[in-house]
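Engineer: Sharing a sequence plus its predicted fold:
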Amino acid sequence: MVNFSQSRLKKYNFRFNCRDAVWWWLYNIAQYVEEAPNGSEILSEKVSRLFPTDNSEAKPAGECVSIYEYIFVFILIFVLLI
């Protein structure tokens, strides 16, 4: 892993946190949709979210929601409620 604090890129002040992780995840989903054959089908795939909120107990694997529904939730949380 690159240590940005000791690299030539130090002047850019890279900082990554959980919010960045969500945006990178969304970016990767968008890239997949654009580049993969029938890529938009991934949006209907069901996934399990073990910790739906910061304060929630772990949910059992198997309680699944489509990726599309998670994207909708993330947009509500990070765009509309900020």
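Structural biologist: Right, received. Where do you want to start?
Engineer: any idea of the mean pLDDT for the host helix or strand of I75?
Structural biologist: If you go by DSSP states H and E, I75 is part of helix 67-75. Helix 67-75 carries an average pLDDT of 86.
Engineer: Give me the packing partners of it, helices and strands only.
Structural biologist: Packing contacts for helix 67-75, counted by 3 or more C-beta pairs under 8 Å, 6 or more residues apart in numbering; DSSP states H and E, involve helix 18-35. From N, CA and C alone the C-beta is placed, and that goes for glycine too.
Engineer: what sits up against the helix it packs on?
Structural biologist: 39-40, 42-43, 67, 71, 74, 78 (C-beta atoms under 8 Å, 6 or more residues apart in numbering).
Engineer: Format those as a markdown table; extra columns: distance to Y27 and neighbour count.
Structural biologist: What follows is those, written out as a markdown table (distance: C-beta to C-beta, whole Å; neighbours: other C-beta atoms under 10 Å):
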| residue | distance to Y27 | neighbour count |
| --- | --- | --- |
| G39 | 14 | 14 |
| S40 | 16 | 11 |
| I42 | 14 | 15 |
| L43 | 15 | 15 |
| I67 | 14 | 17 |
| I71 | 12 | 16 |
| F74 | 12 | 15 |
| F78 | 13 | 13 |
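Engineer: among these, which two are most distant?
Structural biologist: Pairwise distances across the contacts of helix 18-35 peak at 22.9 Å for G39 and F78 (criterion: C-beta to C-beta).
Engineer: In this model G62 seems to touch V47, though I could be wrong.
Structural biologist: No: at 10.8 Å, V47 does not count as touching G62 under the criterion of C-beta atoms under 8 Å.
Engineer: Tell me which of the two has more neighbours.
Structural biologist: V47 (11 against 7; other C-beta atoms under 10 Å).
Engineer: Can you tell me the SS state at that one?
Structural biologist: Using DSSP: H, G, I helix; E, B strand; the rest coil, the structure places V47 in strand.
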